[in-house]
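# got a predicted model here, sequence first, then my questions.
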Amino acid sequence: MSSAPSRPVYLDYAATTPVDPVVAARMAEHLTLDGVFGNPASRSHVYGWEAEEAVEAARAQVAETFGCDPRELVWTSGATEADNLAIKGVAEARAADGKRHFVTSIIEHKAVLDSFCHLETLGFEVTWLTPGPAGVVAPEQVAAALRPETSLVSLMLVNNELGTCTDTAAMGALLREHGVVLHVDAAQAPGKLPFDLGALGADLVSLSAHKFYGPKGMGALYVRRAARVPIRAQIHGGGHERGLRSGTLATHQIVGMGAACERLREEGRAETERVARLRSRFLDGLASLSGLHVNGDPTRRVPGILNLAFEGVDGEALLMALAPDVACSSGSACNSAAVEPSHVLRGIGLDDALAHASIRFSFGRFTTAEEVDHAAGILVERVSRLRASRARTA
C-alpha cells in the first residue's frame, strides 16, 4: 500500500464536489476591476453589457450541455431554491383552479420534503409515496395516487443518499395525459449519468452547480416552455429572470456553472466509466468483510454513490474512527447533524440497527485508484477493530 495521504481521502462527492481548477480560473476573471465585474442589469454602460453577455453565454453553455432552450433556464442560488420555486410557485399559481393536491415520496431531499410540509400547513394535500426496498418509486405508484385535483408530482432523478435512479420519462408521459406538472430534482444527475432535459419527461427540473464541479450557491430551474407551467415567483424585487427570480445576478457564479458544464461535455462518458471502475475497486477492497450490505437497487443506480451498511457497527462511531483518514458521511450533508437514522434508509424499510450502521461513500473526478485502495484498507481495519471492541464488551 502506498504511503498515507497528508489529508483524509475525500469520498463525499455527493455532498459537494471541489470546484474544477479550470472553472475557478474562469470565475476569477469576473470578480475584479480588470475583469468582467459589472452588474448584468446595468444596461447603460459597457461594464453592464459585458456582464450581461457573460451571463447569457453561460446560459447557452448550460442549455447546450443539458439539451434545452436557453430561455428555459432560470438562475437560482442552487437546487434548494429551485425546488422551492417549483413546488411553492406551482402551488400558488394553480390553487385558485382547485389544483391543491400533490404527490411526492418519503425519500426525497429535505428541500422537497420541507416545501411540501409547509404547503400542508396552508391546507394543501400531499400524498407521500413509499418506495420499495430497492429505493425506487414505480410509475404505477404515481398513477394510483393521481386525482382530478392533482397539481404536481415531485420526484428525484437520482437519490442523493442511495444513488438509485427514477424512471421519470415514463412518469412524464403519464402525467402529461392528466395535465399534471412533473418536477424533478436532478441535482445529483449531471456528470453521473447521461442527462438530457428533453428526454427526461419533466416540466420543471432543479439543478445545482456544486454537484458537478461548479461553485456553491449557484443553480437553475429548467421550465419547459412547451408546457406553459404557471409559476408564482417566490423572491420579489426587480423582476429579474423574466419575473421569476429577482435579485442581482452573480456573474462569476453563473460563469462558473457554464464553465462546469463545458467541462462535463469534455469529460463525458469517460469520467462516468472511470468512476464506475473505482466503485468496483472499492467494493473489491472490502471483500474480506462479512455482514456488508449495499443499500438500494444494485443496478438502477449511478456509479459514484455507494451506501453501505456494516452489521455490528455503529455508523457514527465508524465515521469518527474514519475521520482522520477518510472523509465520508452517514447520508445527506443537509441532514448531517441529525441523530435519528436517515429518513431515506428508514423509508426503504431498513431497520434502525442497519440504518444506524450505514455510511455513504461517493467518488468523483479527482478520486484516484490509490486513494480508493487506501480508503478500503482503512475501512476494513476500522470496522474489524470496532467489531472486536464490541465483542469484548458484550
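Structure's in. What do you need? Since we're looking at a predicted model, the values are computed, not measured.

# please state the offset of stretch 245-256 from the chain centre?
20 Å (CA atoms, centre = their mean, to the nearest Å).

# may I see the buried residues of that stretch?
Neighbour counts over stretch 245-256 (16 or more other CB atoms under 10 Å) mark 245, 249-256 as buried. For glycine as for every other residue, the C-beta is placed from the backbone atoms N, C-alpha and C.

# out of the residues you listed, which are inside helices?
Taking DSSP state H, the ones among these that sit in helices are 251-256.

# adding pLDDT and distance to Gly48, write those residues out as a markdown table.
Formatted as a markdown table, those follow (pLDDT from 0 to 100; distance: CB to CB, whole Å):
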| residue | pLDDT | distance to Gly48 |
| --- | --- | --- |
| Thr251 | 98 | 10 |
| His252 | 98 | 15 |
| Gln253 | 98 | 17 |
| Ile254 | 98 | 14 |
| Val255 | 98 | 15 |
| Gly256 | 98 | 19 |
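
# nearest to Val19, out of those residues: which one, please.
Gly256 (7.0 Å; CB to CB).

# residue contacts, the closest one?
Residues in contact with Gly256, defined by CB atoms under 8 Å, 6 or more residues apart in numbering, are 19, 23-24, 26-27, 209, 214-215, 218.

# can I get the buried part of these as one ChimeraX selection?
What follows is the ChimeraX syntax for the buried subset of these, where burial is set by 16+ other CB under 10 Å:
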select :19,23,26,27,209,214,215,218
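
# surely Phe102 and Ser115 touch.
No - at 9.5 Å, Phe102 does not count as touching Ser115 under the criterion of CB atoms under 8 Å.

# quickly list what's touching both of those two.
Ile87.

# more crowded one of these two?
Neighbours were tallied for Phe102 and for Ser115 using other CB atoms under 10 Å; the higher tally belongs to Phe102 (27 against 23).

# that one looks like it's in a strand, true?
Yes - looking at Phe102 with DSSP: H, G, I helix; E, B strand; the rest coil, it is inside a strand.

# what helix or strand is the closest residue in space to it that isn't next to it in sequence on?
Counting by CB to CB, 6 or more residues apart in numbering, Phe102 lies nearest to Val126, which is 4.9 Å off, once chain neighbours are set aside. Secondary structure from DSSP states H and E places Val126 in strand 125-129.

# in the stretch 51-200 of the chain, which spans are helices?
Taking DSSP state H, counting those that start in this stretch to define them, one finds helices in the stretch 51-200 of the chain at 79-94, 110-121, 139-145, 168-177, 197-200.

# quick one: mean pLDDT for the fourth one?
The pLDDT scores in helix 168-177 average 92.

# from the chain's centroid, how far away is it?
The chain centroid and the centroid of helix 168-177 are separated by 21 Å under CA atoms, centre = their mean.

# now do the shortest one
Chain-centre distance of helix 197-200: 17 Å, with CA atoms, centre = their mean.

# past that helix, which element shows up next along the chain?
Under the assignment DSSP H and E, the closest C-terminal helix or strand after helix 197-200 is strand 204-208.

# relative orientation of that next one and helix 110-121 in degrees?
Computed by axes from the mean of the first three to the mean of the last three CA atoms, to 10 degrees, the angle separating strand 204-208 from helix 110-121 equals 130 degrees.

# which strands and helices lie in contact with strand 204-208?
helix 79-94, strand 181-185, strand 219-223 (3 or more CB pairs under 8 Å, 6 or more residues apart in numbering; DSSP states H and E).
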